[in-house]
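Enquirer: I'd like to go over a predicted model; first the sequence, then the structure.
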Amino acid sequence: MPSPFVRHVLVCTQDKPDGVPCCARKGGPGLLDALRAEVAKRDLADDVLVTGCGCMGLCDRGPNAIVYPEGRWYTEVRPDEAHRIAEEHLSGGAPLTGRGDPDDDTIRREVAAHRAKVRQALAARAKAGVLPDELNALVRGFQPSRVVLTAVELDLFSAVGDGASAAEVAARLQTHPRATEALLNALVALGLLEKQDERFRNGDWAALYLCAGAAHDSRAALMHSVHLWPRWSTLTECVRKGTAVAFDEMAGRSQDWTEAFIAAMHKGATARAQPVVAALELEGVRRVLDLGGGSGAYAMAFTRARPEIEVTVFDLPTVTPLTRRYVADSGVQGRIHTLDGDLRTDSYGSGYDLVFISAICHMNGPGENLDMLRKVKDALNPGGRVVIQDFILNEEKTAPTFAALFALNMLVGTREGSAYSDAEYANWLAEAGFGDVNRVALPGPTDLMVAVKP
Ligand SMILES: C[S@@+](CC[C@H](N)C(=O)[O-])C[C@H]1O[C@@H](n2cnc3c(N)ncnc32)[C@H](O)[C@@H]1O
Ligand code: FES
């Protein structure tokens, strides 16, 4: 049978615990990127597939790559050799010679010896009851998270700037030099910084997302995750009590908190708004209500999609000034209005063709959602639609993982909020008097529930 690709390159990117030789720490991921770039540069992507793979058993010789159909093993490959491999082997069809790679017998012997060693080590660990690495990583997962959040909170990546010593970073941040150096070193270990000759530089992600002047500066939005940390520390107590123990109403939160929250929502919404709006049939829709519309990112997408659409963004009076600022910055003013109110206690007006409710239902308890949907029905014209966007759980409420964890995010941060299953949404919608209830699957973590007012 003909193969869909002329060649397949497998590059080992396996990571292993500290101290155990592995390709991930010998440059495997960099080699994978370099080979992909060389293949793209030569316009070979339709003929040559380059993929990462797990351990091949020659870890001491990493990073390793194999090219099929020849089955040629390249060991200890330097990133600057990617060019030669692509030019001579992937493009020219001539496997490289004279690199000193082991012959087939040596490879077979070393792989077999490696397998035996791994089996022995696993058996010894199992006997001694040592925690599996994955379980250990799960238990200690808070440590890397806290390191990154502290760096974001201190604005450390901006202080590193174009490169700085630990003492210079500490002086810029007015932090303790010894502690700052430990934090910088940990960030190198986590791959966010690089270190050479006692000087630190931002790695690719830090330079792109985490520092002042970055092309996709995400610092304001990430401050929301910084603010979530204290709440998550109360999870044990929340599970005992069944509700958030450090609860404060959204309307009463500090301006800093609200700004970071709306910035985080805006970042996510801006990426999703266009495909979400494109998934909806908007023929005949004139007036849209965006309930809890935050920054107005979805309102902007609705007005961009159809010139006849006007959107009212309903949100708390502490938030609508931010909405107006985001809308003014976007340049799509005129057809977006704001309406101050509390969605739990106030009515939403009337005469809408579509009510959009994005990332709102999870803040509420089941009874609050039913009340809200009844008021939404009152606000809609006959034949009008309600569109709910949220993290929707499966029937057992155990997947997707993001939604299952999000239910806890709501437990620690709200009185009654949670993540819900599509059966729960469908029941509330039916009980509120909607018909034609439909789930619309979207790529990514959220889906839509759409229903029609008869
Ligand atoms: C998770 S954000 C979602 C924002 C936006 N809909 C989106 O999908 O990106 C929740 C929004 O609901 C607003 N909100 C929270 N409680 C509210 C209330 N009681 N009344 C009105 N709006 C509220 C917040 O200000 C925020 O804009
Ligand atoms: S980790 Fe790459 S060959 Fe073992």
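Expert: Thanks, I have the structure now. Numbering: from 1, shown residues only. Ligands and ions are numbered 1, 2, ... in the order given.
Enquirer: mean confidence score for stretch 67-82?
Expert: Per-residue pLDDT over stretch 67-82 has a mean of 95.
Enquirer: okay, the residue of the stretch 301-450 of the chain found nearest ligand 1: pLDDT?
Expert: Residue nearest to ligand 1 within the stretch 301-450 of the chain (C-beta to the nearest ligand atom): residue 358, separated by 3.2 Å. In this view, the C-beta of every residue, glycine as well, is placed from N, C-alpha and C. Residue 358 carries a pLDDT score of 98 in this model.
Enquirer: ok, now how distant is it from residue 313?
Expert: 11 Å (C-beta to C-beta, to the nearest Å).
Enquirer: the top strand by length along the chain: which residues count as buried?
Expert: For the chain, the longest strand by residue count, based on DSSP state E, is strand 380-390. Residues of strand 380-390 classed as buried: 380, 384, 385, 386, 387, 388, 389, 390 (neighbour count, 16 or more other C-beta atoms under 10 Å).
Enquirer: next one: stretch 348-368
Expert: 348, 352-365, 368.
Enquirer: contacts only, for the closest residue to residue 61 other than its chain neighbours.
Expert: Nearest residue to residue 61, sequence neighbours excluded (C-beta to C-beta, 6 or more residues apart in numbering): residue 75, at 4.0 Å. The contact partners of residue 75, taken as C-beta atoms under 8 Å, 6 or more residues apart in numbering, are 58, 61, 62, 64, 99, 101, 102.
Enquirer: tell me the buried residues within these.
Expert: 58, 61, 62, 64, 101.
Enquirer: local confidence estimate at the nearest residue to the third one once chain neighbours are set aside?
Expert: What that stands for is residue 62. Excluding the flanking residues, the one nearest residue 62 by C-beta to C-beta, 6+ apart is residue 23, at 3.8 Å. Per-residue confidence (pLDDT) for residue 23: 97.
Enquirer: can I assume residue 23 is in contact with residue 63?
Expert: Yes - counting by C-beta atoms under 8 Å, residue 63 is a contact partner of residue 23 at 4.2 Å.
Enquirer: residue of the stretch 201-350 of the chain closest to ligand 2, please.
Expert: Closest point on the stretch 201-350 of the chain to ligand 2, by C-beta to the nearest ligand atom, is residue 203, at 21.7 Å.
Enquirer: wait, what's in contact with that residue?
Expert: By C-beta under 8 Å, 6+ apart, the neighbours of residue 203 are 191, 192, 193, 194.
Enquirer: and residue 415, by the same measure?
Expert: 243, 244, 247, 365.
Enquirer: so of the residues you listed, which ones are in helices?
Expert: Within the contacts of residue 415, no residue falls in helices by DSSP state H.
Enquirer: now for those residues, which pair is the farthest apart?
Expert: 247 and 365 (12.7 Å; C-beta to C-beta).
Enquirer: so residue 333 touches residue 327, yeah?
Expert: Yes - counting by C-beta under 8 Å, residue 333 sits close enough to residue 327 to count as a contact (5.9 Å).
Enquirer: which one of the two is surrounded by more residues?
Expert: residue 327 (25 against 13; other C-beta atoms under 10 Å).
Enquirer: mind checking which helix or strand that one is in?
Expert: Applying DSSP states H and E as the criterion places residue 327 in helix 320-330.
Enquirer: so that helix, near ligand 1 or not?
Expert: No - using C-beta under 6 Å from any ligand atom, we find that helix 320-330 stays clear of ligand 1, coming within 8.0 Å at best.
Enquirer: what residues does that helix touch?
Expert: Here helix 320-330 makes contact (C-beta under 8 Å, 6+ apart) with 258-259, 262, 266, 293-297, 299-300, 313, 315, 333, 336, 338-340.
Enquirer: filter the residues you listed down to just the ones in helices.
Expert: Those of the contacts of helix 320-330 lying in helices (DSSP H): 258, 259, 262, 266, 297, 299, 300.
Enquirer: ok, and which of the residues you listed reach ligand 2?
Expert: Counting by C-beta under 6 Å from any ligand atom, no member of the ones in helices among the contacts of helix 320-330 is near ligand 2.
Enquirer: just list whatever residues bridge to the residue of the stretch 301-450 of the chain closest to ligand 1.
Expert: residue 389 (DSSP bridges).
Enquirer: might you report the residue contacts of it?
Expert: Per C-beta under 8 Å, 6+ apart, neighbours of residue 358: 269, 276, 290, 292, 293, 298, 388, 389, 390.
Enquirer: between the residues you listed, which is closest to residue 430?
Expert: residue 388 (13.4 Å).
Enquirer: does the closest one touch residue 357 like I think?
Expert: Yes - the criterion here is C-beta under 8 Å, and residue 388 meets it with residue 357 at 4.8 Å.
Enquirer: in strands only, show me the buried residues of stretch 348-368.
Expert: Reading strands off those with DSSP E, I get 352, 353, 354, 355, 356, 357, 358.
Enquirer: and which of those is nearest residue 91?
Expert: For those, the nearest to residue 91 is residue 358 (48.1 Å; C-beta to C-beta).
Enquirer: now the stretch 1-150 of the chain, which segments are flagged as low pLDDT?
Expert: 1-2 (pLDDT under 70).
Enquirer: around ligand 2, pick out the residues from it.
Expert: Going by C-beta under 6 Å from any ligand atom, the residues of the stretch 1-150 of the chain near ligand 2 are 12, 14, 22, 23, 55, 56, 57, 58, 59, 62, 64.
Enquirer: which of those has the largest number of neighbours?
Expert: residue 23 (29 neighbours).
Enquirer: report how many residues lie close to residue 42.
Expert: Residue 42: 14 neighbours (other C-beta under 10 Å).
Enquirer: what does residue 253 show for phi and psi?
Expert: phi -80, psi 160 (degrees, to the nearest 10).
Enquirer: check contacts around it.
Expert: So residue 253 contacts 261, 318 (C-beta under 8 Å, 6+ apart).
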